[in-house]
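J.: got a predicted model here, sequence first, then my questions.
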Amino acid sequence: MDKLVVLLLGNGGREHTIAWKLAQSNLVERIFVAPGNGGTCSGLNKVENVNIGVTDFPALTKFATDNNVNFVVAGPEQPLVEGVAGVFQKIGIPVFGPSLKAARMEGSKTFSKDFMKKHNIPTAAYENFTDAAAAKEFIRKADFDVVLKASGLAAGKGVLIPTTKEEAYKGVDEILVQKVFGEAGNELVVEEFLDGQELSILAFSDGYTVVPLPPAQDHKRIFDNDQGPNTGGMGCYCPTPVATPEVLADIKRTILQPTINGMRRDGFPFVGILFTGIMLTSSGPKVLEYNVRFGDPETEVVLPLLSDDTDLAEVMVACTEGRLDSVRVGIKPGFAATVVIASGGYPGKYPTGKEITLQKTEEDVIVFHAGTSFKDNKLVTSGGRVLAATGVAKDLRTAVDKAYSGVKTVAFDGMFYRKDIAHRAFTFLAQQSSTANQMTYAQAGVSIDAGNLLVQQIKPLVRATRRVGADGEIGGFGGLFDLKAAGFQDPILVSATDGVGTKLKLAQLTGIHDTIGQDVVAMNVNDLIVQGAESLFFLDYYACGKLEVDVAKDVVKGVADGCLMAGCALIGGETSEMPGLYSPGDYDLAGFAVGAVERNKIIPRMDEIKAGDILLGLASSGAHSNGYSLIRKIVERSNQELHSPCPWDKTKSLGQSLLTPTRIYVKQLLPVVRKGLVKAMAHITGGGFIDNIPRVLPKELGVEVDASTWPFPDVFKWIMATGNVPHREMARTFNCGIGMVLVVNSDDVEEVTRLCRAEGEVVHQIGVLKSKAENNGEEVVMRNMETSWVV
């Protein structure tokens with residue numbers, strides 16, 4: 001690899017730390033810092049300042065060309081949001097930092113929140129606003145505390161945390177009307193206030209691979225005990241003891257990797273360092289915000305922990321070349337802490353030009369410069385956050401003590417710093433120590449609090465499914481249903497239980513969880529209607545290794561949607577958290593449905609079914625919930641990804657299309673059932689036509705099905721062609737476009753067709769009943785498959 005001449009943009013503590021680490025690399029020949037600070041122009045080998053602003057792109061590119069710069073590192077967010085990566089790439093110089101499009105993840109909070117929603121990345125509930133009155137109305141109706149965020153860049157200060165609705169209304173006016181954050185407040189995000197421990201996760205990425213660094217915890221408030229206004233950060237430490245290996249694995253699986261994958265799939269792959277602010281809530285980690293560069297002061301604690309055999313320059317170059325997985329990113333055992341030393345008056349007005357004196361620090365203590373410069377050969381203050389003293393040690397207490405020893409080597413008039421950096425960690429560790437010999441259910445991996453939170457979140461969904469006969473609340477020991485109130489005279493109860501098979505795996509792989517619940521309802525209630533039964537109530541069973549409340553809520557939403565379609569009440573269910581039994585992110589789902597039919601309306605009516613009766617088929621929505629083990633094998637063979645454009649529907653991804661939920665036929669079919677116009681029905685599930693239709697026929701009868709009588713859907717054409725699946729196998733595995741088959745008297749075909757179409761159904765006359773003798777002893781004869789099911 002050629003020696004690197006690096007242009008590093010920025011002038012803060014972050015940039016001094018990056019320059020300090022890059023200067024240790026044998027790959028680096030020289031580092032120019034534009035504009036730099038008092039630390040980058042003195043005391044560092046290979047490093048010098050260049051007096052050019054970070055957004056003066058013409059001057060920066062000219063300097064780079066004149067000085068043989070062959071690598072650019074963007075420190076702060078502003079040049080990235082303004083497109084510095086593209087500017088240098090146009091003249092052939094790679095940039096460690098994201099593209100203009102990718103930088104929107106920090107440049108626009110409304111954009112990033114919508115991105116998280118699209119890609120099912122856990123975050124707080126929110127709405128975006130440009131109108132103050134609409135924002136206030138949303139706040140008035142909200143049943144949760146809110147946080148107000150100016151959408152654009154506001155130097156880390158564009159967030160308001162009101163404690164009352166009146167404060168929130170005032171904050172809306174400040175951001176959207178008074179423009180206290182300038183153009184950053186052209187849009188406003190109003191989101192749910194999240195409570196818990198906050199983490200900063202910095203992660204390298206080349207657009208595919210993501211490598212997180214140790215979790216850090218910033219101290220945003222100006223005063224001790226987290227009091228006073230927000231700042232850019234008054235201190236930091238890492239790693240955080242609250243972020244266990246299990247928590248970090250969960251964050252990478254549910255947040256970091258889906259974010260990198262989503263950005264690439266949306267056409268703006270991320271190259272650089274992704275900073276993700278995360279809140280550890282009772283329902284799991286949730287994203288607070290994204291930044292698209294190194295954090296400050298997080299950089300001052302994570303880079304000193306890189307192992308001696310990790311070359312930062314090599315890692316950065318690998319990111320720009322799409323080969324991050326080929327280089328080592330190692331972490332030293334131990335801890336780092338940094339204390340920010342600020343000018344008096346910060347984050348408000350503060351003086352500059354105060355002379356700074358520095359004394360020698362002890363071993364493993366580094367003082368990084370931020371708001372410093374040289375004037376008349378004297379080091380003076382030039383910003384609000386002036387210096388950051390970092391200590392590194394084997395344990396957190398010693399690291400913090402070393403950082404404060406570094407503070408004592410600094411002196412300037414009016415200097416201010418917090419005295420309680422890492423206080424939350426010490427409180428947590430003390431609590432852990434006091435309960436070290438105590439065991440709780442939560443420590444075993446089962447969160448009762450998360451379960452209770454889920455119940456509260458799904459109650460409105462469940463309540464919406466109430467019907468005559470069922471009007472209770474979930475959360476009791478059992479669900480009740482009043483048959484008499486539902487209007488039945490001489491009812492027979494009919495029950496069904498089923499799941500959705502390996503279609504679940506597609507939901508888990510794609511992160512699309514809000515439709516699979518409809519599938520589990522459909523698989524059950526469709527089995528009730530084929531016996532003439534009206535669906536009365538439904539119960540679901542959700543099992544997982546670790547309860548992710550947002551995922552479970554989405555699943556239950558799908559269940560509730562399905563119940564509304566079927567006209568049955570969701571009267572209860574079971575959520576089972578079983579650590580160690582399921583892999584991370586996996587869950588299982590099953591359902592149980594009960595319906596009722598008047599005794600004289602039960603079907604099939606075997607004694608009435610005869611040769612000459614007609615088969616009517618109702619259209620399916622796709623593969624429904626059967627054959628997905630084969631479908632997944634075919635997807636693997638196709639070398640396509642689930643996020644790839646769907647071959648038969650370019651408006652969706654392959655995964656989205658394959659997750660099209662199973663149709664529910666209950667309300668459409670009840671009128672013809674109650675009129676006695678249907679002799680039998682077969683729900684076409686696993687086994688297709690071959691195995692399902694004979695289940696409702698007398699032993700002496702068979703059927704002839706004409707495959708040319710309905711359109712063969714594109715999804716099945718793709719399955720058959722890509723998997724080289726024989727026609728007969730298609731007919732005994734998939735529904736092939738017909739989800740429900742009705743057996744009716746030939747004289748009733750017109751009336752049944754009319755009634756079904758009046759309910760919105762697509763109806764096809766697909767076959768006829770024959771004696772088995774006419775069928776050459778076969779229960780099901782499929783005609784015209786070879787000529788009609790073509791690809």
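T.: Done, it's in.
J.: which element follows the helix or strand of the chain with the lowest mean pLDDT toward the C-terminus?
T.: Every helix and strand of the chain was ranked by mean pLDDT, DSSP states H and E. The lowest is helix 448-463, at a mean of 70. Sequence order places strand 491-499 as the next helix or strand after helix 448-463, per DSSP states H and E.
J.: for that next one, buried residues please.
T.: Using 16 or more other C-beta atoms under 10 Å as the burial criterion, the residues of strand 491-499 that qualify are 491-492, 494, 496, 498-499. Where you see a C-beta, it was placed from the backbone N, CA and C, and this is true even at glycine.
J.: same question for stretch 776-783.
T.: Buried-residue list, stretch 776-783, by 16+ other C-beta under 10 Å: 779-780, 782.
J.: break the chain into its domains for me.
T.: 4-96, 128-193, 439-602, 607-791 (automatic domain parsing).
J.: dump those domains to a markdown table, plus distance to P241.
T.: Shown next, in a markdown table, are those (distance: least, C-beta to C-beta, whole Å):
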| stretch | distance to P241 |
| --- | --- |
| domain 4-96 | 23 |
| domain 128-193 | 24 |
| domain 439-602 | 15 |
| domain 607-791 | 36 |
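J.: these: which one's closest to A388?
T.: domain 4-96 (4.6 Å; C-beta to C-beta).
J.: ends of that closest one, what's the gap?
T.: Length of domain 4-96, first residue to last, C-alpha to C-alpha, to the nearest Å: 13 Å.
J.: how about stretch 51-71?
T.: Across stretch 51-71, first to last residue, C-alpha to C-alpha, it's 18 Å.
J.: the nearest residue to I693 once chain neighbours are set aside: what secondary structure?
T.: Distances taken as C-beta to C-beta, 6 or more residues apart in numbering place A682 nearest to I693, at 4.8 Å, with adjacent residues excluded. Classification of A682 using DSSP: H, G, I helix; E, B strand; the rest coil returns strand.
J.: state the distance from A682 to E778.
T.: 16 Å (C-beta to C-beta, to the nearest Å).
J.: by contact count, what packs against the strand or helix carrying V673?
T.: In this structure, V673 sits in helix 666-674 according to DSSP H and E. Applying 3 or more C-beta pairs under 8 Å, 6 or more residues apart in numbering; DSSP states H and E, one finds that helix 666-674 makes contact with helix 516-529, strand 534-544, helix 549-566, strand 738-744, helix 749-758.
J.: quick one: strands adjacent to the following helix or strand past the longest one?
T.: Right, helix 549-566. The C-terminal neighbour of helix 549-566 among helices and strands, as given by DSSP H and E, is strand 569-577. Strand 569-577 has the following strand partners under DSSP bridges: strand 534-544 (parallel).
J.: and the closest residue to D561 other than its chain neighbours, how many neighbours?
T.: In this structure, D561 finds its nearest non-sequential neighbour in Q518, 5.4 Å apart by C-beta to C-beta, 6+ apart. Burial measure for Q518: 26 neighbouring residues, criterion other C-beta atoms under 10 Å.
J.: give the contact list for Q518.
T.: 558-559, 561-562, 565, 661-662, 664 (C-beta atoms under 8 Å, 6 or more residues apart in numbering).
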